[in-house]
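# Everything below, folded, please.
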Amino acid sequence: MTKLGNQLDTASLALTVLLIGATSASAHEVTGVVGGFTSGFLHPLLGWGHVAAIIVGAFAIFHGYAHGSELPGSANAIAYAMGFVIATGLLHLCGILFGLLGKWELGRAGVRAAGVVIAVMGAAFLAGAA
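Numbers count the residues shown, from 1 in each chain. As a prediction, the model looks like this:
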């Protein structure tokens, strides 16, 4: 079998496993005190998702520094930063709007399908097919 054939078999297997095992995701578990001041105060301090976000935030700072240090000396750093921040904000807005599709049955199906496509693309990158 050719290398491409093996990669397609791997991608097909990955897609099948993802489709069988796909479930909806929940950003937060609903356990303990929910909705009160204590819950709201402790959640960002004790929630593992928020701890992971801190790590991501630290990565983002260094990532942003790397982009800034690559600017040519003749570039306008303020204009570049404004464009970068606006584009990042728009990407976040798109993600929020995409997440809101989960309110509707068809939207949930679309979000799951997009997740499968993203996973298959990731598998293709890992397999060296993309």
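# Show me the residue sitting in the middle of this protein in space.
Note on the chain: the residue nearest the mean C-alpha position is Gly95, at 8.4 Å, using Cα atoms, centre = their mean.
# Just the pLDDT at that residue, thanks.
Per-residue confidence (pLDDT) for Gly95: 88.
# in which helix or strand would I find it?
For Gly95, the element it lies in under DSSP states H and E is helix 77-100.
# How far off centre is that helix?
Relative to its chain's centre, helix 77-100 lies at 14 Å (Cα atoms, centre = their mean, to the nearest Å).
# got it, and stretch 113-120?
Centroid separation for stretch 113-120 versus its chain: 12 Å, with Cα atoms, centre = their mean.
# gap between Ala77 and Val117?
Distance of Ala77 to Val117, given as Cβ to Cβ, to the nearest Å: 36 Å. (Each C-beta comes from the backbone N, C-alpha and C, glycine too.)
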